[in-house]
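K.L.:
fold the stuff below for me.
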Amino acid sequence: MKRRIPDIIYQTMNSQPLPPSIAESYTTLAHTIRDNGPILDITNSDSLLSELFRIPVRRAIHDDLHWHAISWWLAENYEFLLLNHIQHMDASLPKDPFFALKSKALTAVADQIEPFFAPLLARLRSEPAISEDVFASALLTLLWGNKADLSMSSGVVEGKSLLHTSSSNLILIDHSKEAWSFLQSHDVREISVFADNSGLEMLCDFLFITLLLSAFPHCSVHYVVKASPVFVSDVTLDDIQPGLDVLRRSRDASLRWMLDCLEGAMQSGRLDVKASVFLCSALPGWEMPSSMRGFLAKQDLVITKGDANYRRLAGDLHWEYDVELKRVLHYFPCSLLMLRTLKSNVLMGVSKELQEKARERDANWDCSGQNGIIQLYSCCFSVFLKHEKGGSMKDRKEWD
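P.N.:
Okay, the predicted model is just below:
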(Lines give C-alpha, C1' and ligand atoms only; values in the text may rest on other atoms or scores of the structure.)
Protein backbone atom coordinates (compact mmCIF):
# COMPACT_ATOMS: atom_id res chain seq x y z
CA MET A 1 0.00 0.00 0.00
CA LYS A 2 2.86 2.36 0.78
CA ARG A 3 4.87 1.49 -2.30
CA ARG A 4 3.36 -0.74 -5.00
CA ILE A 5 0.04 1.04 -5.46
CA PRO A 6 1.59 4.54 -5.48
CA ASP A 7 4.18 3.23 -7.96
CA ILE A 8 1.37 2.02 -10.23
CA ILE A 9 -0.20 5.47 -10.11
CA TYR A 10 3.10 7.21 -10.92
CA GLN A 11 3.82 4.77 -13.76
CA THR A 12 0.35 5.32 -15.21
CA MET A 13 0.76 9.07 -14.94
CA ASN A 14 4.19 9.03 -16.60
CA SER A 15 3.06 6.78 -19.44
CA GLN A 16 0.98 9.51 -21.10
CA PRO A 17 1.02 13.29 -21.58
CA LEU A 18 -1.40 14.78 -19.06
CA PRO A 19 -2.79 18.26 -18.43
CA PRO A 20 -1.35 19.74 -15.21
CA SER A 21 -4.65 19.45 -13.35
CA ILE A 22 -4.98 15.73 -14.13
CA ALA A 23 -1.34 15.07 -13.25
CA GLU A 24 -1.90 16.84 -9.94
CA SER A 25 -4.92 14.66 -9.19
CA TYR A 26 -2.89 11.53 -9.93
CA THR A 27 -0.10 12.72 -7.63
CA THR A 28 -2.54 13.63 -4.86
CA LEU A 29 -4.09 10.16 -5.00
CA ALA A 30 -0.67 8.49 -4.86
CA HIS A 31 0.37 10.57 -1.86
CA THR A 32 -2.94 10.02 -0.07
CA ILE A 33 -2.67 6.24 -0.37
CA ARG A 34 1.03 6.20 0.51
CA ASP A 35 0.54 8.37 3.59
CA ASN A 36 -2.61 6.59 4.84
CA GLY A 37 -4.83 9.55 4.09
CA PRO A 38 -8.64 9.65 4.15
CA ILE A 39 -10.68 7.79 1.56
CA LEU A 40 -12.47 9.94 -1.01
CA ASP A 41 -16.02 8.87 -1.79
CA ILE A 42 -16.77 9.22 -5.52
CA THR A 43 -19.49 6.56 -5.57
CA ASN A 44 -22.88 7.36 -7.03
CA SER A 45 -25.70 5.74 -8.96
CA ASP A 46 -24.47 6.84 -12.39
CA SER A 47 -22.89 3.46 -13.08
CA LEU A 48 -23.37 -0.04 -11.75
CA LEU A 49 -19.68 -0.37 -10.91
CA SER A 50 -19.73 2.78 -8.81
CA GLU A 51 -22.86 1.52 -7.06
CA LEU A 52 -21.13 -1.76 -6.19
CA PHE A 53 -18.48 0.19 -4.29
CA ARG A 54 -20.91 2.53 -2.55
CA ILE A 55 -21.70 0.51 0.59
CA PRO A 56 -18.17 -0.74 1.45
CA VAL A 57 -16.61 2.68 0.78
CA ARG A 58 -19.18 4.61 2.80
CA ARG A 59 -19.00 2.08 5.62
CA ALA A 60 -15.22 2.55 5.76
CA ILE A 61 -15.60 6.33 5.82
CA HIS A 62 -18.30 6.11 8.50
CA ASP A 63 -15.94 4.01 10.62
CA ASP A 64 -13.18 6.60 10.08
CA LEU A 65 -10.94 4.06 8.35
CA HIS A 66 -8.13 5.37 6.18
CA TRP A 67 -6.39 3.62 3.29
CA HIS A 68 -4.11 1.38 5.35
CA ALA A 69 -6.97 0.16 7.56
CA ILE A 70 -9.44 -1.07 4.96
CA SER A 71 -9.18 -4.52 3.41
CA TRP A 72 -6.44 -4.97 0.83
CA TRP A 73 -9.01 -6.28 -1.67
CA LEU A 74 -11.20 -3.18 -1.34
CA ALA A 75 -8.21 -0.82 -1.46
CA GLU A 76 -6.77 -2.41 -4.61
CA ASN A 77 -10.03 -2.42 -6.54
CA TYR A 78 -11.26 1.00 -5.40
CA GLU A 79 -7.93 2.58 -6.34
CA PHE A 80 -8.61 1.64 -9.96
CA LEU A 81 -12.09 3.15 -9.85
CA LEU A 82 -10.45 6.37 -8.65
CA LEU A 83 -7.83 6.24 -11.40
CA ASN A 84 -10.54 5.87 -14.03
CA HIS A 85 -12.46 8.72 -12.43
CA ILE A 86 -9.44 11.03 -12.70
CA GLN A 87 -8.69 9.97 -16.28
CA HIS A 88 -12.27 10.65 -17.36
CA MET A 89 -12.16 14.22 -16.06
CA ASP A 90 -10.57 15.16 -19.39
CA ALA A 91 -12.46 13.89 -22.44
CA SER A 92 -9.40 14.35 -24.66
CA LEU A 93 -7.50 11.61 -22.83
CA PRO A 94 -7.75 7.90 -23.69
CA LYS A 95 -10.67 6.29 -21.90
CA ASP A 96 -8.35 3.61 -20.56
CA PRO A 97 -5.69 5.17 -18.28
CA PHE A 98 -3.45 2.16 -18.97
CA PHE A 99 -3.76 2.34 -22.76
CA ALA A 100 -0.12 3.36 -23.32
CA LEU A 101 1.24 0.70 -20.96
CA LYS A 102 -0.88 -2.02 -22.57
CA SER A 103 0.18 -0.93 -26.06
CA LYS A 104 3.83 -1.02 -25.05
CA ALA A 105 3.42 -4.51 -23.55
CA LEU A 106 1.76 -5.80 -26.72
CA THR A 107 4.46 -4.28 -28.92
CA ALA A 108 7.17 -5.83 -26.73
CA VAL A 109 6.03 -9.38 -27.57
CA ALA A 110 4.49 -8.93 -31.03
CA ASP A 111 7.63 -9.95 -32.91
CA GLN A 112 8.53 -12.78 -30.54
CA ILE A 113 5.38 -14.88 -30.31
CA GLU A 114 5.97 -16.72 -33.60
CA PRO A 115 8.66 -19.09 -32.24
CA PHE A 116 6.85 -19.27 -28.89
CA PHE A 117 3.57 -20.41 -30.46
CA ALA A 118 4.98 -22.29 -33.48
CA PRO A 119 5.34 -25.83 -32.04
CA LEU A 120 1.82 -25.92 -30.64
CA LEU A 121 0.23 -24.33 -33.70
CA ALA A 122 2.02 -26.81 -35.95
CA ARG A 123 0.50 -29.70 -34.03
CA LEU A 124 -2.94 -28.08 -34.00
CA ARG A 125 -2.85 -27.72 -37.78
CA SER A 126 -1.47 -31.19 -38.51
CA GLU A 127 -3.33 -33.44 -36.08
CA PRO A 128 -6.97 -34.17 -36.98
CA ALA A 129 -7.82 -34.90 -33.34
CA ILE A 130 -6.37 -32.97 -30.42
CA SER A 131 -4.36 -35.21 -28.10
CA GLU A 132 -4.04 -35.00 -24.35
CA ASP A 133 -0.41 -34.00 -24.81
CA VAL A 134 -1.33 -31.02 -27.00
CA PHE A 135 -4.01 -29.97 -24.50
CA ALA A 136 -1.53 -30.14 -21.60
CA SER A 137 1.03 -28.11 -23.57
CA ALA A 138 -1.60 -25.46 -24.28
CA LEU A 139 -2.50 -25.27 -20.59
CA LEU A 140 1.17 -24.75 -19.72
CA THR A 141 1.41 -21.94 -22.27
CA LEU A 142 -1.70 -20.40 -20.77
CA LEU A 143 -0.37 -20.75 -17.23
CA TRP A 144 3.03 -19.15 -17.80
CA GLY A 145 1.51 -16.41 -19.90
CA ASN A 146 -0.12 -15.33 -16.63
CA LYS A 147 3.27 -14.11 -15.39
CA ALA A 148 2.87 -11.05 -17.64
CA ASP A 149 1.13 -8.88 -15.07
CA LEU A 150 1.75 -5.12 -15.18
CA SER A 151 0.07 -4.57 -11.81
CA MET A 152 2.73 -6.74 -10.17
CA SER A 153 5.61 -4.99 -11.95
CA SER A 154 4.12 -1.57 -11.12
CA GLY A 155 3.52 -0.96 -14.80
CA VAL A 156 7.03 -1.93 -15.95
CA VAL A 157 6.79 -3.79 -19.25
CA GLU A 158 8.62 -7.10 -19.47
CA GLY A 159 8.86 -8.89 -22.77
CA LYS A 160 11.43 -11.43 -23.85
CA SER A 161 12.11 -12.99 -20.45
CA LEU A 162 8.48 -14.03 -20.05
CA LEU A 163 8.52 -15.90 -23.33
CA HIS A 164 11.19 -18.27 -22.03
CA THR A 165 9.79 -19.06 -18.58
CA SER A 166 8.18 -22.48 -18.48
CA SER A 167 9.13 -25.34 -16.22
CA SER A 168 6.82 -28.11 -15.11
CA ASN A 169 8.98 -28.38 -11.97
CA LEU A 170 7.41 -25.14 -10.78
CA ILE A 171 3.84 -26.45 -10.95
CA LEU A 172 2.62 -27.33 -7.47
CA ILE A 173 -0.69 -28.82 -8.59
CA ASP A 174 -1.31 -30.04 -12.12
CA HIS A 175 -4.81 -31.26 -12.91
CA SER A 176 -4.22 -31.23 -16.68
CA LYS A 177 -5.02 -34.95 -16.98
CA GLU A 178 -8.17 -34.58 -14.90
CA ALA A 179 -9.28 -31.59 -16.97
CA TRP A 180 -8.72 -33.51 -20.20
CA SER A 181 -10.66 -36.51 -18.86
CA PHE A 182 -13.47 -34.19 -17.76
CA LEU A 183 -13.76 -32.66 -21.23
CA GLN A 184 -13.59 -36.04 -22.95
CA SER A 185 -16.32 -37.51 -20.75
CA HIS A 186 -18.80 -34.63 -21.20
CA ASP A 187 -20.84 -33.41 -24.13
CA VAL A 188 -19.13 -30.03 -24.11
CA ARG A 189 -21.31 -27.28 -25.57
CA GLU A 190 -20.25 -24.10 -23.77
CA ILE A 191 -16.96 -23.07 -22.19
CA SER A 192 -16.13 -19.69 -20.68
CA VAL A 193 -12.57 -18.41 -20.40
CA PHE A 194 -12.12 -15.63 -17.84
CA ALA A 195 -9.33 -13.37 -19.06
CA ASP A 196 -6.67 -11.80 -16.90
CA ASN A 197 -3.86 -9.77 -18.49
CA SER A 198 -3.65 -8.22 -21.94
CA GLY A 199 -0.44 -8.36 -23.99
CA LEU A 200 1.31 -11.73 -24.02
CA GLU A 201 -1.26 -13.47 -21.83
CA MET A 202 -4.16 -12.36 -24.02
CA LEU A 203 -2.36 -13.78 -27.07
CA CYS A 204 -1.90 -17.03 -25.13
CA ASP A 205 -5.65 -16.93 -24.47
CA PHE A 206 -6.26 -16.61 -28.20
CA LEU A 207 -4.07 -19.66 -28.80
CA PHE A 208 -5.91 -21.73 -26.19
CA ILE A 209 -9.31 -20.64 -27.49
CA THR A 210 -8.21 -21.72 -30.97
CA LEU A 211 -7.44 -25.15 -29.51
CA LEU A 212 -10.86 -25.36 -27.83
CA LEU A 213 -12.63 -24.41 -31.05
CA SER A 214 -10.64 -27.05 -32.94
CA ALA A 215 -10.95 -29.80 -30.34
CA PHE A 216 -14.67 -29.36 -29.70
CA PRO A 217 -16.36 -28.44 -33.00
CA HIS A 218 -19.84 -28.30 -31.44
CA CYS A 219 -18.75 -26.06 -28.58
CA SER A 220 -19.16 -22.30 -28.17
CA VAL A 221 -16.54 -20.29 -26.27
CA HIS A 222 -17.20 -17.12 -24.29
CA TYR A 223 -14.20 -14.91 -23.56
CA VAL A 224 -15.04 -12.98 -20.39
CA VAL A 225 -13.19 -9.69 -19.85
CA LYS A 226 -13.43 -6.72 -17.49
CA ALA A 227 -15.99 -4.00 -18.22
CA SER A 228 -13.64 -1.30 -16.90
CA PRO A 229 -9.83 -0.94 -16.83
CA VAL A 230 -8.45 -2.49 -13.63
CA PHE A 231 -5.16 -3.93 -12.36
CA VAL A 232 -3.30 -2.05 -15.12
CA SER A 233 -3.12 -4.84 -17.67
CA ASP A 234 -6.46 -6.64 -17.32
CA VAL A 235 -8.26 -7.27 -20.61
CA THR A 236 -11.22 -5.07 -21.57
CA LEU A 237 -13.35 -5.08 -24.72
CA ASP A 238 -11.15 -2.41 -26.28
CA ASP A 239 -8.05 -4.60 -25.94
CA ILE A 240 -9.37 -7.40 -28.17
CA GLN A 241 -8.91 -5.74 -31.55
CA PRO A 242 -5.29 -4.64 -30.94
CA GLY A 243 -4.49 -8.24 -30.01
CA LEU A 244 -6.10 -9.59 -33.17
CA ASP A 245 -4.22 -6.96 -35.17
CA VAL A 246 -0.92 -8.39 -33.91
CA LEU A 247 -1.87 -11.67 -35.58
CA ARG A 248 -3.11 -9.83 -38.67
CA ARG A 249 0.21 -8.03 -39.17
CA SER A 250 2.20 -11.24 -38.86
CA ARG A 251 3.64 -12.89 -41.97
CA ASP A 252 3.69 -16.25 -40.23
CA ALA A 253 1.20 -18.67 -41.79
CA SER A 254 0.37 -20.35 -38.47
CA LEU A 255 -0.48 -17.08 -36.75
CA ARG A 256 -2.64 -16.04 -39.70
CA TRP A 257 -4.38 -19.42 -39.51
CA MET A 258 -5.04 -18.79 -35.82
CA LEU A 259 -6.54 -15.40 -36.69
CA ASP A 260 -8.78 -16.99 -39.32
CA CYS A 261 -10.01 -19.55 -36.76
CA LEU A 262 -10.85 -16.86 -34.22
CA GLU A 263 -12.54 -14.46 -36.61
CA GLY A 264 -14.41 -17.28 -38.32
CA ALA A 265 -15.73 -18.43 -34.94
CA MET A 266 -16.81 -14.88 -34.10
CA GLN A 267 -18.69 -14.59 -37.37
CA SER A 268 -20.41 -17.94 -36.92
CA GLY A 269 -21.35 -17.22 -33.30
CA ARG A 270 -19.12 -19.89 -31.77
CA LEU A 271 -16.94 -17.27 -30.09
CA ASP A 272 -18.00 -14.08 -28.37
CA VAL A 273 -16.57 -11.62 -25.88
CA LYS A 274 -18.49 -10.62 -22.75
CA ALA A 275 -17.62 -7.81 -20.35
CA SER A 276 -18.33 -8.18 -16.64
CA VAL A 277 -18.88 -5.28 -14.25
CA PHE A 278 -18.87 -7.63 -11.27
CA LEU A 279 -15.28 -8.69 -12.00
CA CYS A 280 -14.20 -5.06 -11.51
CA SER A 281 -15.77 -4.81 -8.05
CA ALA A 282 -14.43 -5.70 -4.60
CA LEU A 283 -17.14 -8.31 -3.99
CA PRO A 284 -16.40 -12.01 -3.33
CA GLY A 285 -17.41 -14.63 -5.85
CA TRP A 286 -20.41 -15.82 -3.84
CA GLU A 287 -21.99 -12.38 -4.20
CA MET A 288 -22.12 -12.57 -8.00
CA PRO A 289 -25.38 -11.18 -9.46
CA SER A 290 -28.14 -13.59 -10.42
CA SER A 291 -27.69 -12.80 -14.12
CA MET A 292 -24.07 -13.92 -13.99
CA ARG A 293 -24.95 -16.99 -11.93
CA GLY A 294 -27.56 -17.95 -14.50
CA PHE A 295 -25.06 -17.57 -17.32
CA LEU A 296 -22.41 -19.65 -15.56
CA ALA A 297 -24.91 -22.39 -14.74
CA LYS A 298 -25.18 -23.06 -18.48
CA GLN A 299 -21.44 -23.56 -18.90
CA ASP A 300 -19.91 -27.02 -19.09
CA LEU A 301 -16.65 -25.55 -17.80
CA VAL A 302 -15.33 -22.17 -16.72
CA ILE A 303 -11.59 -21.59 -17.03
CA THR A 304 -10.31 -18.77 -14.84
CA LYS A 305 -6.84 -17.34 -14.93
CA GLY A 306 -4.79 -15.10 -12.75
CA ASP A 307 -4.43 -13.83 -9.25
CA ALA A 308 -7.43 -11.51 -9.01
CA ASN A 309 -9.91 -14.05 -10.40
CA TYR A 310 -8.62 -16.70 -7.97
CA ARG A 311 -8.74 -14.33 -5.01
CA ARG A 312 -12.31 -13.35 -5.87
CA LEU A 313 -13.34 -17.02 -6.00
CA ALA A 314 -11.89 -17.46 -2.50
CA GLY A 315 -13.39 -14.20 -1.26
CA ASP A 316 -9.80 -12.96 -0.79
CA LEU A 317 -9.90 -14.73 2.56
CA HIS A 318 -6.91 -16.40 4.16
CA TRP A 319 -8.14 -19.97 4.20
CA GLU A 320 -5.83 -22.69 5.40
CA TYR A 321 -3.85 -23.57 2.28
CA ASP A 322 -4.98 -27.20 2.44
CA VAL A 323 -8.68 -26.37 2.67
CA GLU A 324 -10.74 -28.57 0.34
CA LEU A 325 -11.86 -26.81 -2.82
CA LYS A 326 -15.46 -27.89 -2.32
CA ARG A 327 -15.61 -26.18 1.07
CA VAL A 328 -14.84 -22.81 -0.53
CA LEU A 329 -16.28 -23.23 -4.03
CA HIS A 330 -19.55 -25.00 -3.23
CA TYR A 331 -21.42 -21.85 -4.34
CA PHE A 332 -20.02 -21.93 -7.87
CA PRO A 333 -22.71 -23.12 -10.31
CA CYS A 334 -20.52 -25.14 -12.71
CA SER A 335 -17.20 -26.95 -12.97
CA LEU A 336 -14.13 -24.79 -12.77
CA LEU A 337 -10.53 -24.99 -13.98
CA MET A 338 -8.25 -22.47 -12.27
CA LEU A 339 -4.85 -21.49 -13.69
CA ARG A 340 -2.68 -19.16 -11.70
CA THR A 341 0.89 -18.16 -10.98
CA LEU A 342 1.06 -17.51 -7.24
CA LYS A 343 1.41 -13.77 -6.57
CA SER A 344 -0.46 -13.41 -3.27
CA ASN A 345 -0.99 -15.60 -0.23
CA VAL A 346 -4.57 -16.69 -0.87
CA LEU A 347 -4.65 -20.37 -1.73
CA MET A 348 -6.83 -23.49 -1.62
CA GLY A 349 -6.32 -27.21 -2.00
CA VAL A 350 -2.54 -27.39 -1.44
CA SER A 351 -1.51 -30.15 0.95
CA LYS A 352 0.88 -29.49 3.83
CA GLU A 353 3.39 -31.81 2.17
CA LEU A 354 3.37 -29.76 -1.04
CA GLN A 355 3.62 -26.56 0.97
CA GLU A 356 6.74 -27.82 2.73
CA LYS A 357 8.39 -28.91 -0.52
CA ALA A 358 7.66 -25.53 -2.07
CA ARG A 359 8.98 -23.71 0.99
CA GLU A 360 12.26 -25.65 0.84
CA ARG A 361 12.80 -24.39 -2.70
CA ASP A 362 11.52 -20.84 -2.23
CA ALA A 363 10.76 -19.10 1.06
CA ASN A 364 8.28 -16.84 -0.75
CA TRP A 365 6.80 -19.65 -2.82
CA ASP A 366 3.20 -18.52 -2.32
CA CYS A 367 3.64 -14.96 -3.63
CA SER A 368 6.82 -14.82 -5.73
CA GLY A 369 5.08 -15.44 -9.06
CA GLN A 370 7.43 -18.37 -9.78
CA ASN A 371 5.07 -21.22 -8.87
CA GLY A 372 1.93 -22.22 -10.72
CA ILE A 373 -1.21 -24.26 -10.15
CA ILE A 374 -3.71 -25.90 -12.48
CA GLN A 375 -6.68 -26.88 -10.29
CA LEU A 376 -9.92 -28.55 -11.35
CA TYR A 377 -13.08 -28.23 -9.27
CA SER A 378 -15.73 -30.57 -10.64
CA CYS A 379 -19.19 -29.40 -9.68
CA CYS A 380 -21.60 -32.32 -9.36
CA PHE A 381 -24.58 -29.96 -9.66
CA SER A 382 -23.47 -28.31 -12.91
CA VAL A 383 -25.43 -30.63 -15.20
CA PHE A 384 -28.59 -30.20 -13.12
CA LEU A 385 -28.23 -26.42 -13.06
CA LYS A 386 -27.49 -26.31 -16.78
CA HIS A 387 -30.85 -27.88 -17.57
CA GLU A 388 -32.82 -26.13 -14.85
CA LYS A 389 -31.86 -22.57 -15.77
CA GLY A 390 -33.86 -21.15 -18.64
CA GLY A 391 -33.17 -18.36 -21.10
CA SER A 392 -30.03 -17.36 -22.93
CA MET A 393 -27.44 -14.63 -22.65
CA LYS A 394 -25.67 -15.45 -25.89
CA ASP A 395 -26.45 -12.08 -27.46
CA ARG A 396 -25.39 -10.02 -24.46
CA LYS A 397 -21.92 -8.49 -24.39
CA GLU A 398 -22.18 -7.22 -20.85
CA TRP A 399 -24.08 -8.23 -17.77
CA ASP A 400 -24.42 -6.85 -14.28
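
K.L.:
show me where the stretch 101-250 of the chain has helices.
P.N.:
Secondary structure of the stretch 101-250 of the chain (DSSP state H, counting those that start in this stretch): helices at 113-126, 132-145, 176-184, 200-215, 237-249.

K.L.:
what angle sits between the first one and helix 200-215?
P.N.:
Orientation note: helix 113-126 sits at an angle of 10 degrees relative to helix 200-215 (axes from the mean of the first three to the mean of the last three C-alpha atoms, to 10 degrees).

K.L.:
list the contacts of helix 113-126.
P.N.:
Residues from elsewhere that reach helix 113-126 (C-beta atoms under 8 Å, 6 or more residues apart in numbering): 130, 134, 137-138, 141, 163, 200, 203, 207, 210-211, 214, 246, 250, 252, 254-255, 257-258. Every C-beta, even on glycine, is put in place using the N, C-alpha and C of the backbone.

K.L.:
one more pass at 7 Å, please.
P.N.:
134, 137-138, 141, 163, 203, 207, 210-211, 214, 250, 252, 254-255, 257-258 (C-beta atoms under 7 Å, 6 or more residues apart in numbering).

K.L.:
winner for burial among the helices of the stretch 101-250 of the chain?
P.N.:
Comparing the helices of the stretch 101-250 of the chain by mean neighbour count (mean count of other C-beta atoms under 10 Å), helix 200-215 comes out on top with a mean of 24.

K.L.:
what secondary structure does the residue lying closest to residue 332 once chain neighbours are set aside sit in?
P.N.:
Of all residues not flanking residue 332 in the chain, residue 379 sits nearest, at 6.2 Å (C-beta to C-beta, 6 or more residues apart in numbering). Secondary structure for residue 379, judged by DSSP: H, G, I helix; E, B strand; the rest coil, is coil.

K.L.:
count the residues that sit near residue 379.
P.N.:
22 (other C-beta atoms under 10 Å).

K.L.:
my guess is it contacts residue 335, does it?
P.N.:
Yes: assessed by C-beta atoms under 7 Å, residue 379 is found in contact with residue 335 at 4.7 Å.

K.L.:
tell me, what's touching these two both at once?
P.N.:
Counting by C-beta under 7 Å, 6+ apart, residue 379 and residue 335 have no contacts in common.

K.L.:
can you tell me how far the residue nearest to residue 332 is from residue 305?
P.N.:
Per C-beta to C-beta, to the nearest Å, residue 379 is found 18 Å from residue 305.

K.L.:
how about residue 192?
P.N.:
From residue 192 across to residue 305, the span is 11 Å (C-beta to C-beta).

K.L.:
next: residue 113.
P.N.:
Residue 113 is 17 Å from residue 305, by C-beta to C-beta.

K.L.:
what about residue 192 and residue 305, which has more around it?
P.N.:
residue 305 (25 against 21).

K.L.:
residues contacting that one?
P.N.:
142, 146, 194, 195, 196, 339, 340.

K.L.:
just give me the closest of the residues you listed to residue 242.
P.N.:
residue 195 (13.8 Å; C-beta to C-beta).

K.L.:
follow-up on the earlier one: point out the least confident member of the contacts of helix 113-126, please.
P.N.:
Lowest pLDDT within those is found at residue 163 (50).

K.L.:
quick one, strands of the stretch 251-400 of the chain?
P.N.:
Using DSSP state E, counting those that start in this stretch, the strands found in the stretch 251-400 of the chain span residues 271-276, 301-305, 336-341, 372-377, 398-399.

K.L.:
tell me the strands beside the second one, with direction?
P.N.:
So the one you mean is strand 301-305. strand 190-194 (parallel), strand 336-341 (parallel) (DSSP bridges).
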